[in-house]
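# model the following, please.
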Amino acid sequence: MNTRVVTAHIPGELAEQVDQLAARLERPRGWIVKQALTSWVALETKRHQLTLEGMADVDAGRVVDHASVAAWATGLDKPV
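Numbers count the residues shown, from 1 in each chain. All right, here's what the predicted structure looks like:
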């Protein structure tokens, strides 16, 4: 696997939290950072995909008008 070194300046408190996690999990600091970045990239990729899908729905006219949503929301606090 091809790897690269990435350097980032992070707040001291966050660095301390990473160090504490590394110690608790008995893993190297780099492993913690790699796991965190992998999760964040996956989340942002999914968020971007969902945004594009939502924009395509709007372009296709698949929307719910404001009055309908407001009426639905108003009914949420009423007993069933």
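
# give me the pLDDT value at the most centrally placed residue in the chain.
Nearest residue to the geometric centre of the chain (C-alpha atoms, centre = their mean): L43, 4.1 Å. Reported pLDDT at L43 in the predicted model: 98.

# tell me how far it lies from L50.
To L50, L43 is 11 Å away according to C-beta to C-beta, to the nearest Å. Backbone N, C-alpha and C define where each C-beta goes, glycine included.

# what are the contacting residues of stretch 46-65?
Taking contacts as C-beta atoms under 8 Å, 6 or more residues apart in numbering, no residue outside stretch 46-65 touches it.

# with only the CA atoms kept, save it in CSV.
Once side chains and other backbone atoms are set aside, the C-alpha atoms of stretch 46-65 remain, and they are given as CSV (Å, rounded to 0.1, in the frame of the first residue of the first chain):
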residue,chain,number,x,y,z
LYS,A,46,-21.9,10.4,1.8
ARG,A,47,-23.1,13.9,2.7
HIS,A,48,-22.0,15.2,-0.7
GLN,A,49,-23.7,12.3,-2.4
LEU,A,50,-27.0,13.0,-0.5
THR,A,51,-26.7,16.7,-1.4
LEU,A,52,-26.4,15.9,-5.1
GLU,A,53,-29.4,13.5,-4.9
GLY,A,54,-31.4,16.2,-3.1
MET,A,55,-30.5,18.8,-5.7
ALA,A,56,-31.5,16.4,-8.5
ASP,A,57,-34.9,15.9,-6.8
VAL,A,58,-35.4,19.7,-6.7
ASP,A,59,-34.4,20.0,-10.3
ALA,A,60,-36.9,17.2,-11.2
GLY,A,61,-39.7,18.9,-9.2
ARG,A,62,-39.8,16.2,-6.5
VAL,A,63,-40.5,18.6,-3.6
VAL,A,64,-43.0,19.2,-0.9
ASP,A,65,-44.4,22.8,-0.6
